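Enquirer: Sequence plus the predicted model coming up.
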Amino acid sequence: MRTNAQAALDRLLSPLPCGTRDRFLWAVIVRWLVIGGFLLLALIAHRAGLFVSVRPCVTAAAVAAALNGANHLCLRRNRYAVLVTAVAIPLDHVLTTYVVVNTGGVLSPFVMMYFVQVLATAMLVDTRAATLSAAFALLTWLIGMRLLSSGYLPSPPPFVHGAEPTTASPDSYQSTWAVFFLYCLALLVYLGGYILNRLRTSERDLEDQHRRLQDALTSLSAAHTDLRQAYARLQEAEAHLVQSEKMRSLGQLVAGVAHELSNPISFISANVEHLRSYVGALSAAVRASANLPLPPSARASLEAVHRSLGIDRALADLPDLLDDCEEGARRTAHIVMELRSFARSDPHERWALADVHRCVDSTLALLAHRLKDQITVHRQYGELPEIECLPGPLNQVLMNLLANAADAIGRKRGNIWISTRMIPAAQGSSTPAAVAVTIRDDGVGIPAELQPKIFDPFFTTKAVGQGTGLGLSVAYGIVHRHGGTLSVDSTVGVGSSFTLTLPVSQLQAAPPPPDS
């Protein structure tokens with residue numbers, strides 16, 4: 001109980017919020033209008049000889065004015081406003097009952113003050129407070145009427161005429177009630193105007209808040225779009241970093257393997273020539289020994305040794321064997337050279353002139369183990385100039401496209417068509433001359449709904465563990481860096497066609513974006 005009482009006392013003594021304080025101030029202003037207006041009307045009615053005495057009205061107005069002044073001061077300072085208001089509302093009904101009892105009872109026009117007080121409380125203070133106010137008004141009015149009817153209070157006639165108390169004419173009585181009624185209506189119109197003004201202000205505030213919320217939502221949408229784009233760029237940068245690191249490590253490994261292979265291949269290539277001369281000398285010596293004048297027994301023994309060792313057959317096969325060894329060494333040296341070319345994926349690599357056909361052929365050489373006896377490669381090369389590019393990344397693009405074509409064909413037999421052509425610069429246009437490389441396969445194809453996503457980082461149509469979804473994304477980034485384009489045209493069950501266009505000169509092309 002102490003806790004509840006303490007909480008209630010704290011609410012009564014606590015300062016009011018800004019909006020509530022404004023409503024209470026308006027209630028004080030309305031009370032000033034009620035006090036002043038009804039006192040003025042009472043004085044006019046008394047002056048006209050309708051009231052016996054105006055003293056009850058003046059007394060009630062003085063007390064109400066003092067209490068309302070205290071309430072006004074408390075609201076200005078925002079201290080004890082709730083407490084004073086809680087005292088003022090029931091005291092108003094007590095004063096109204098006092099005035100009504102002394103000015104004609106139920107016939108008094110001041111009965112209207114009950115309604116004005118309750119309506120003002122409901123509009124400006126609180127609905128609960130208005131309910132309690134109405135209940136207290138009814139209680140005080142019933143008590144006053146009971147005391148008046150029981151004779152405990154004097155009941156003077158409400159109107160006088162001249163010196164003797166008489167009942168006023170009905171017209172005067174009705175006029176007095178009409179004036180009080182119209183004044184109450186004016187107060188209610190005033191209150192309605194205040195409520196309407198507050199509603200309009202609230203609507204404007206709501207519109208401003210709605211506009212601010214819309215602006216904030218637009219800003220959030222733009223920020224969300226920027227964040228999505230930044231996230232996509234981060235994913236692409238991560239993909240490039242991962243793939244670049246893989247290619248750098250692979251390049252170092254391939255360069256090391258190529259370097260380790262180049263020495264023994266050089267030994268083999270150099271020794272094959274010496275071995276060929278030695279074989280020639282040995283062959284001449286064997287033929288010379290066969291023509292020596294030997295006794296029949298010795299010659300028979302020598303021929304038996306030649307037959308048992310297969311000297312003649314060996315001498316006949318040695319040139320072909322040496323040619324095969326030389327061809328194998330040459331092919332191995334060619335593979336080593338291709339490995340070195342592919343390993344040139346230095347991130348600080350500079351722009352250089354490169355032969356597109358040479359890049360395609362070197363990439364095919366590295367993929368020979370995947371294409372041999374299964375996939376037939378059809379080359380349709382046009383006349384192309386050397387282009388300004390980054391040879392290492394360009395090899396990486398071709399490797400990704402050709403490897404994907406081989407993967408699309410799978411284990412069945414298939415075909416890959418590689419065609420190149422020149423795209424001349426258009427007259428009167430800023431579009432530079434470019435070369436186009438088209439790699440087409442007869443594999444499984446790509447569904448139409450997936451084609452817009454194939455260049456997205458980490459998107460793959462391969463089974464789990466068979467692809468990272470970085471190959472085409474990295475290839476697209478490299479092509480974009482060169483100022484070129486990479487497009488796809490695919491039909492499920494027919495195959496896919498990737499077209500790579502690269503400007504011939506980087507000076508004429510749009511400047512490539514910086515490395516991620």
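Expert: Arrived safely, thanks for sending. Numbering: from 1, shown residues only.
Enquirer: which other residues reach whichever helix or strand A135 is part of?
Expert: If you go by DSSP states H and E, A135 is part of helix 127-150. Contacts of helix 127-150 with the rest of the structure, by CB atoms under 8 Å, 6 or more residues apart in numbering, involve 89-90, 93-94, 96-98, 100-101, 105-106, 111, 114, 117-119, 121-122, 153, 155. Backbone N, C-alpha and C define where each C-beta goes, glycine included.
Enquirer: now with 7 Å?
Expert: Applying CB atoms under 7 Å, 6 or more residues apart in numbering, the set of residues contacting helix 127-150 from outside is 89-90, 93-94, 97, 100-101, 105-106, 114, 117-118, 121-122, 153, 155.
Enquirer: Run through the stretch 351-500 of the chain and note the low-pLDDT ranges.
Expert: Within the stretch 351-500 of the chain, the ranges that satisfy pLDDT under 70 run 428-429, 457-470.
Enquirer: Now do the strands in it.
Expert: When assigned using DSSP state E, counting those that start in this stretch, the strands of the stretch 351-500 of the chain occupy the ranges 352-354, 375-380, 387-389, 414-423, 434-441, 485-491, 495-503.
Enquirer: would JSON lines of those strands with distance to I195 be doable?
Expert: As requested, those are exported to JSON lines (distance: least, CB to CB, whole Å):
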{"stretch": "strand 352-354", "distance to I195": "82"}
{"stretch": "strand 375-380", "distance to I195": "85"}
{"stretch": "strand 387-389", "distance to I195": "77"}
{"stretch": "strand 414-423", "distance to I195": "76"}
{"stretch": "strand 434-441", "distance to I195": "74"}
{"stretch": "strand 485-491", "distance to I195": "67"}
{"stretch": "strand 495-503", "distance to I195": "72"}
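Enquirer: Quick one: closest of those strands to C325.
Expert: Within the strands of the stretch 351-500 of the chain, the stretch nearest C325 is strand 375-380; the backing value is 27.6 Å (CB to CB).
Enquirer: contacting residues for I416?
Expert: I375, V377, A405, I439, D441.
Enquirer: need the helices for the stretch 351-500 of the chain, in chain order.
Expert: Using DSSP state H, counting those that start in this stretch, the helices of the stretch 351-500 of the chain run over residues 356-366, 368-371, 391-409, 471-481.
Enquirer: Give me the buried positions along the shortest one.
Expert: Neighbour-count burial for helix 368-371, counted by 16 or more other CB atoms under 10 Å, picks out L371.
Enquirer: Distance from that helix to the middle of the chain?
Expert: Helix 368-371 sits 45 Å away from the centroid of its parent chain (CA atoms, centre = their mean, to the nearest Å).
Enquirer: Tell me how many other residues surround Q380.
Expert: For Q380, the number of neighbouring residues by other CB atoms under 10 Å comes to 10.
Enquirer: ok, now the one 4 residues further on?
Expert: Residues contacting L384 under the criterion other CB under 10 Å number 16.
Enquirer: Roughly how far does it sit from G484?
Expert: Between L384 and G484 the computed distance is 14 Å (CB to CB, to the nearest Å).
Enquirer: cool, and A64?
Expert: From A64 over to G484 the distance is 90 Å, taken as CB to CB.
Enquirer: can you tell me which residues contact V488?
Expert: Counted by CB under 7 Å, 6+ apart, V488 has contacts Q451, I454, S496, F498.
Enquirer: roughly how far out does stretch 483-490 sit from the chain middle?
Expert: 28 Å.
Enquirer: Would you convert the contacts of I416 into JSON lines that also reports neighbour count and distance to F180?
Expert: What follows is those, written out as JSON lines (neighbours: other CB atoms under 10 Å; distance: CB to CB, whole Å):
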{"residue": "I375", "neighbour count": "21", "distance to F180": "107"}
{"residue": "V377", "neighbour count": "16", "distance to F180": "109"}
{"residue": "A405", "neighbour count": "27", "distance to F180": "100"}
{"residue": "I439", "neighbour count": "19", "distance to F180": "100"}
{"residue": "D441", "neighbour count": "25", "distance to F180": "100"}
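Enquirer: Looking at these, which is nearest V492?
Expert: Distance from V492 was checked for each of these by CB to CB. The minimum falls on D441, at 13.1 Å.
Enquirer: Please look at that closest one and D407 and confirm they touch.
Expert: No. The pair D441 and D407 does not pass the contact test of CB atoms under 7 Å, sitting 9.3 Å apart.
Enquirer: Packing partners of the helix or strand hosting I44?
Expert: Secondary structure assigned from DSSP H and E places I44 in helix 18-47. Counting contacts by 3 or more CB pairs under 7 Å, 6 or more residues apart in numbering; DSSP states H and E, the secondary-structure elements packed against helix 18-47 are helix 55-77, helix 112-124, helix 170-290.
Enquirer: okay, now the closest residue to H93 other than its chain neighbours: neighbour count?
Expert: On the basis of CB to CB, 6 or more residues apart in numbering, the spatially nearest residue to H93 that is not a chain neighbour turns out to be A137, at 4.5 Å. By the measure other CB under 10 Å, the count of residues near A137 is 23.
Enquirer: Ok, I311 next?
Expert: 18.
Enquirer: ok, it touching S289?
Expert: No. Assessed by CB under 7 Å, I311 is found out of contact with S289, at 9.9 Å.
Enquirer: Skipping its backbone neighbours, what lies nearest Y98 in space?
Expert: Nearest non-adjacent residue to Y98, counting by CB to CB, 6+ apart: A60, 5.7 Å away.
Enquirer: wait, I meant V63
Expert: Nearest residue to V63, sequence neighbours excluded (CB to CB, 6+ apart): L95, at 6.0 Å.
Enquirer: hang on, that neighbour is in a helix, isn't it?
Expert: Yes. Assessed with DSSP: H, G, I helix; E, B strand; the rest coil, L95 lies in a helix.
Enquirer: per-residue pLDDT, it?
Expert: Turning to L95, the model gives it a pLDDT of 85.
Enquirer: and it, what does it touch?
Expert: For L95, the contacting residues are A60, V63, A64, taking CB under 7 Å, 6+ apart as the criterion.
Enquirer: List of residues touching stretch 317-330?
Expert: By CB under 7 Å, 6+ apart, the list of residues contacting stretch 317-330 from outside reads I265, I268, S269, V272, L275, R276, V279.
Enquirer: What are the buried residues along stretch 86-94?
Expert: Counting neighbours by 16+ other CB under 10 Å, one finds that the buried residues in stretch 86-94 are A88, I89, D92, H93, V94.
Enquirer: between those residues, which is nearest L75?
Expert: For the buried residues of stretch 86-94, the residue nearest L75 by CB to CB is A88; the value is 11.0 Å.
Enquirer: what inclination does the one helix or strand the closest one maps to have with respect to helix 112-124?
Expert: Applying DSSP H and E as the criterion places A88 in helix 81-102. Helix 81-102 and helix 112-124 meet at an angle of 160 degrees, taking axes from the mean of the first three to the mean of the last three CA atoms, to 10 degrees as the criterion.
Enquirer: what is the orientation angle of helix 81-102 with helix 55-77?
Expert: Taking the same axes, to 10 degrees, one finds that helix 81-102 is oriented at 170 degrees with respect to helix 55-77.
Enquirer: Distance from the chain centre to helix 81-102, please.
Expert: Going by CA atoms, centre = their mean, the spacing between the C-alpha centre of helix 81-102 and its chain's C-alpha centre is 60 Å.
Enquirer: before we move on, back to that, mind putting the contacts of stretch 317-330 in JSON lines, distance to I423 and neighbour count included?
Expert: Supplementary listing: the contacts of stretch 317-330 in JSON lines, determined by distance: CB to CB, whole Å; neighbours: other CB atoms under 10 Å:
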{"residue": "I265", "distance to I423": "40", "neighbour count": "20"}
{"residue": "I268", "distance to I423": "45", "neighbour count": "17"}
{"residue": "S269", "distance to I423": "42", "neighbour count": "16"}
{"residue": "V272", "distance to I423": "46", "neighbour count": "18"}
{"residue": "L275", "distance to I423": "52", "neighbour count": "16"}
{"residue": "R276", "distance to I423": "50", "neighbour count": "16"}
{"residue": "V279", "distance to I423": "55", "neighbour count": "16"}
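Enquirer: Cool, thanks, talk later.
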